[in-house]
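Asker: Mind folding the following:
(3 chains)
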Amino acid sequence: MDRCGAYLDTMRSTAPLVQCITNFVAMNVMANVLLAAGASPAMVHDAEESGEFAAIAQVLTINLGTPSPRWVEGMEAAARGAVAAGRPWVLDPVAVGATAFRRGLGARLLALKPTVIRGNASEILALAGAEARGKGADSADTVAAAEAAAQRLAEGSGAVVAVTGPVDFVTDGRRGIRCGNGHALMPKVTALGCSLTGIVGAFAAGQPAFEATAAGLAFFGLAGEEAARRAAGPGSFQVAFLDALHAMTPDDLDRGAKLEAA
Amino acid sequence: MDRCGAYLDTMRSTAPLVQCITNFVAMNVMANVLLAAGASPAMVHDAEESGEFAAIAQVLTINLGTPSPRWVEGMEAAARGAVAAGRPWVLDPVAVGATAFRRGLGARLLALKPTVIRGNASEILALAGAEARGKGADSADTVAAAEAAAQRLAEGSGAVVAVTGPVDFVTDGRRGIRCGNGHALMPKVTALGCSLTGIVGAFAAGQPAFEATAAGLAFFGLAGEEAARRAAGPGSFQVAFLDALHAMTPDDLDRGAKLEAA
Amino acid sequence: MDRCGAYLDTMRSTAPLVQCITNFVAMNVMANVLLAAGASPAMVHDAEESGEFAAIAQVLTINLGTPSPRWVEGMEAAARGAVAAGRPWVLDPVAVGATAFRRGLGARLLALKPTVIRGNASEILALAGAEARGKGADSADTVAAAEAAAQRLAEGSGAVVAVTGPVDFVTDGRRGIRCGNGHALMPKVTALGCSLTGIVGAFAAGQPAFEATAAGLAFFGLAGEEAARRAAGPGSFQVAFLDALHAMTPDDLDRGAKLEAA
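Answerer: Next comes the predicted model:
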């Protein structure tokens, strides 16, 4: 992964149309993050059109954040549409262990063969069927404690699995990579994890999923480091973060990425 | 149109209650744009109350951004309520050409006689029944390529039609006007087009639709130019944009508006 | 109330999980306000899981902002779940007097015994059954004009009632307190009232409701004063406001709170 910037370069030059089915909290931020990064977001979720649109978009992301029965129909139609059209899709299992509804939904979406799964440690543990301690959207487990579960989940599902936290861990079941980019203010801003899923999707459009995921994590975390240098708190951080995503060059990313084989 | 600032002045002094049925991405930004400009936004969408509320509000705006069957019922009830109460209403046909669901919805709303239609070139082409190339919410066609379709649409529907882009075009079927205000960072921030629809609605409340639409476009674009002077990217642009909408005086608008007959 | 900072200190050290059922406009801002303040927000609204989750969270807040029949089911299930689990819950009756749907919904939620009710003057008047003049989400009545109604509502419902505006009034039916913190830019930013309801909830988790509500109002208003010193308009205000919530210490709050017995 010494050509991390090349993945950013390819993403920007193709400006992939990223279909996002995400929660109400994240919609605006996720769209702005994707625009600032150079992709083209499209929030299309309802079952009336989500499957049809999955064949138009280059990649699909599905986030469990604020689920309801009607949205579940739209998620399943979109995932089936993406698979049928040969498009990659990314699953973000927000708070998947919190309620019976979410546990069932996580299992149903896992069965629809996501290309990449990105979650925090508690979410990946819960999705892999292990004991997790997270109650809401925040993780109560460490990334290290979820690495074995991530590997098992990758092997069982065929997906690339990314566990994100202070140091991220990505695995395709065979290989592993850790990403040390990021900043402590990031969990103080809502929906940044959800937005990261969008970035992973944009990078994975037409590029190999394992490497693209790692490059996307490094890009996102490095922009966070840059933003933190100009921020006085979580409000000014958000502003500087969008500016940093927009300004970062492939060279910046090559220089700043903290990726190493696990 | 040399008294553009007068439309801003009237809008601010009446502070119209603008009922917005808009997409989940735009809700917060649109409300903040309307508040900063001096109007009073109210997001009331469900069929249980949208028609009743349309008689309370001074103007209604309907945006197709994230449609679902339940929301369509609310949109139609609101549009009927507005027409029955003699209130103007503005249609924003987001990505109307993208899916069968949206094409049908666009036709149904068009039949409910909007006072103004505001969209990008691909959306206006699609709504007018012409071939359009936009796939998501972004336009893939130029404003110039959509001018004839806009005129046809205005003649056929009786609505004022605004095609927005680098240079906007407004027509009521007989007259045309172009607006050159705006900045290249604006399409890098999500939901600004949707928010512009709200501004057009606020200006059109109790003022003649053709002139009010042109004045609203100039106000919005000029605030974008002002914001760009203080911005380092799309994050700081958003912040400066709300400040600029709030600070702009009718005199500023008279001086900065770039409107000319088409 | 000379130990106002102690309530902030306790809230931060327990970092309560705050279940928020709120409107689409407010979701993102409310989550960011709670994170910046030191609480842990969770937006869980659908009837499939809202009641189950109410026993996991430490406190529940319900906001009427953008209601629909499906969301009403989720609100009622959550309120029942909170009461059954012995958790406090806070009602925010947005625009409750505007339509028949909202008036009915306000009455149904009131019957489910909220611990705290927070609204503007027009909303408290309408909920108490008095004549109110607010049309949308903004108040058209003064706080002073709603004090008697607030007291009646507190006595009748058993809830602590907070009427917010330029000077806030809090009562539990027996005692009253006024809070003079805040700034004129705050009503120019959407969803700050909704976010304040979240702060009241976070403070009321495990702390006495009357004092916790007053402390939460002072904390929120004081952050607004601090933000206004660094703001050039409603855009920069929002940024500085989140920074100020994050930076404020219990000592700052003790020094800056403007609370006095009513």
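Asker: avg pLDDT for stretch A:199-218?
Answerer: Averaged across stretch A:199-218, the pLDDT comes to 98.
Asker: Any buried residues in that stretch, and which?
Answerer: For stretch A:199-218, a neighbour-count test (16 or more other Cβ atoms under 10 Å in any protein chain shown) marks A:199-205, A:207, A:209-218 as buried. Quick note: C-beta positions are derived from backbone N, CA and C, even for glycine.
Asker: what about that stretch, start to end distance?
Answerer: 10 Å (Cα to Cα, to the nearest Å).
Asker: what about the residue in the stretch 51-200 of chain A that chain B sits nearest to, neighbour count?
Answerer: Closest residue of the stretch 51-200 of chain A to chain B, Cβ to the nearest Cβ: A:Glu52 (5.0 Å). Burial of A:Glu52 is recorded as 17 neighbouring residues (other Cβ atoms under 10 Å in any protein chain shown).
Asker: Please name the nearest non-neighbouring residue to it.
Answerer: Once flanking residues are discounted, A:Glu52 sits nearest to B:Thr99: 5.0 Å by Cβ to Cβ, 6 or more residues apart in numbering or on different chains.
Asker: Then A:Ala215?
Answerer: A:Tyr7 (3.7 Å).
Asker: So the residue of the stretch 51-200 of chain A closest to chain B versus C:Ala82, what's the distance?
Answerer: Using Cβ to Cβ, to the nearest Å, A:Glu52 is found at 40 Å from C:Ala82.
Asker: Was I right to think A:Ala228 contacts A:His183?
Answerer: Yes. Between A:Ala228 and A:His183 a contact is recorded at 4.1 Å, counting by Cβ atoms under 8 Å.
Asker: so what's A:Ala140 up against?
Answerer: Counting by Cβ atoms under 8 Å, 6 or more residues apart in numbering or on different chains, A:Ala140 touches A:Ser122, A:Ala132, A:Arg133, A:Gly134.
Asker: 6 Å instead?
Answerer: Shown in contact with A:Ala140 (Cβ atoms under 6 Å, 6 or more residues apart in numbering or on different chains): A:Ser122, A:Arg133, A:Gly134.
Asker: so can I have TSV of these showing distance to A:Val167 and secondary structure?
Answerer: Shown next, in TSV, are the contacts of A:Ala140 (distance: Cβ to Cβ, whole Å; DSSP: H, G, I helix; E, B strand; the rest coil):
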residue	distance to A:Val167	secondary structure
A:Ser122	16	helix
A:Arg133	19	coil
A:Gly134	18	coil
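Asker: Alongside chain C, which residues does chain A contribute?
Answerer: Neighbours of chain C within chain A, by Cβ under 6 Å from any Cβ of the partner chain: A:24-25, A:28, A:66, A:68, A:99, A:101, A:135-136, A:138, A:188, A:190, A:232-236, A:239.
Asker: which ones among these are found in helices?
Answerer: If you go by DSSP state H, the residues of chain A next to chain C have A:Asn28, A:Phe101, A:Pro234, A:Gly235, A:Ser236, A:Val239 in helices.
Asker: Skipping adjacent residues, who's closest to the fourth one in space?
Answerer: For A:Gly235, the nearest residue in space outside its immediate sequence neighbours is C:Leu242; the separation is 3.0 Å by Cβ to Cβ, 6+ apart.
Asker: In three-state terms, label A:Arg118 for me.
Answerer: Here A:Arg118 is strand, with the state taken from DSSP: H, G, I helix; E, B strand; the rest coil.
Asker: For the longest helix seen in chain A, name the packing helices and strands.
Answerer: Determined from DSSP H, the single longest helix within chain A is helix A:209-230. The helices and strands touching helix A:209-230, judged by 3 or more Cβ pairs under 6 Å, 6 or more residues apart in numbering or on different chains; DSSP states H and E, are helix A:4-14, strand A:160-164, strand A:168-171, strand A:176-179, helix A:192-204, helix A:234-247.
Asker: sorry, back to before: any idea which of the ones in helices among the residues of chain A next to chain C is the one closest to chain C?
Answerer: Relative to chain C, and with distances defined as Cβ to the nearest Cβ, the nearest of those is A:Gly235, at 3.0 Å.
Asker: quick one on the thing from earlier: contact partners of the longest helix of chain A?
Answerer: A:1, A:4, A:7-8, A:115-116, A:160, A:162, A:168, A:170, A:172, A:177, A:179, A:181-183, A:185-186, A:196, A:199-200, A:203-204, A:237, A:240-241, A:244-245, A:248, A:253, A:256-257, A:259.
Asker: Give me the angle between it and strand A:116-120.
Answerer: Orientation check (axes from the mean of the first three to the mean of the last three Cα atoms, to 10 degrees): helix A:209-230 against strand A:116-120 gives 40 degrees.
Asker: Assign the closest residue to A:Ser68 other than its chain neighbours to helix, strand or coil.
Answerer: Counting by Cβ to Cβ, 6+ apart, C:Asp46 is the residue found nearest to A:Ser68 once chain neighbours are left out, at 4.1 Å. Put simply, C:Asp46 is coil when judged by three-state DSSP.
Asker: Could you do the one 10 residues further on as well?
Answerer: Counting by three-state DSSP, the backbone at C:Ile56 sits in coil.
Asker: residues contacting the spatially most central residue of chain A?
Answerer: The centre of chain A sits closest to A:Thr197, judged by Cα atoms, centre = their mean, with a distance of 1.8 Å. Contact analysis of A:Thr197 by Cβ under 6 Å, 6+ apart lists A:Thr61, A:Val90, A:Asp92, A:Arg118.
Asker: Pretty sure A:Val25 sits against C:Val29.
Answerer: No. With contact defined as Cβ atoms under 6 Å, A:Val25 does not reach C:Val29; the gap is 9.6 Å.
Asker: So between those two, which is more surrounded?
Answerer: Using other Cβ under 10 Å, the more surrounded residue of A:Val25 and C:Val29 is A:Val25, with 30 against 25.
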